[in-house]
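# let's see this in three dimensions:
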Amino acid sequence: MKIEILGTGCKRCDQLYENALTASASFGPNADIRVEKNSDINYFTQMGVFMTPGLVINGEVISVGKVLAADDIQKKIRERR
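Predicted coordinates for the structure are as follows:
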C-alpha cells in the first residue's frame, strides 16, 4: 500500500505526514505500507488537489486541506486493505 502526503512542506503537511507514519506503524512491520511526501505542485493539480495537505492512498485522494488524526488515517487504511 502506498500513502502519499501532498504538500509543500508547511507545518500542517508535516503533521499529516507524521500522523500517517504513526497510523501505518500501528499495522506492524509486515504490513507493506509505504508513506511518502510529494511536493510536486504539478502532481497535486494532476490529482485534483488544489489545497494542501492532501492524503492519497493507492492513487485515491482521501482528504484535501485537512490534517487527519492517526486514528482517522488508520480507518482509511483498513477500508482499503
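# check contacts around the nearest residue to residue 63 once chain neighbours are set aside.
Distances taken as CB to CB, 6 or more residues apart in numbering put residue 55 closest to residue 63, at 4.6 Å, once the chain neighbours are dropped. For glycine as for every other residue, the C-beta is placed from the backbone atoms N, C-alpha and C. By CB atoms under 8 Å, 6 or more residues apart in numbering, the residues touching residue 55 are 3-6, 16, 20, 61-64, 66, 68, 73, 76.
# can you pull out the helices in the chain?
11-25, 41-47, 70-79 (DSSP state H).
# okay, buried residues for the first one please.
This means helix 11-25. 13, 15-17, 19-21, 23-24 (16 or more other CB atoms under 10 Å).
# can you check the shortest one too?
Within helix 41-47, the residues that qualify as buried are 44, 47, counting by 16+ other CB under 10 Å.
# what of the last one?
Buried positions in helix 70-79, judged by neighbour count with 16+ other CB under 10 Å: 70, 72-74, 76-77.
# can you list the low-confidence ranges for this structure?
Nowhere does the chain drop to pLDDT under 70.
# residue with max distance from the center of it?
No residue in the chain sits farther from the centre than residue 30, which is 19.1 Å out by CA atoms, centre = their mean.
# number of nearby residues for the nearest residue to residue 15 once chain neighbours are set aside?
Nearest non-adjacent residue to residue 15, counting by CB to CB, 6+ apart: residue 67, 5.1 Å away. Neighbourhood size, residue 67 [other CB atoms under 10 Å]: 17.
# again, but for residue 34
Residue 34: 10 neighbours (other CB under 10 Å).
# my read is that it contacts residue 4, right?
No: using CB atoms under 8 Å as the test, residue 34 is too far from residue 4 to be in contact (9.0 Å).
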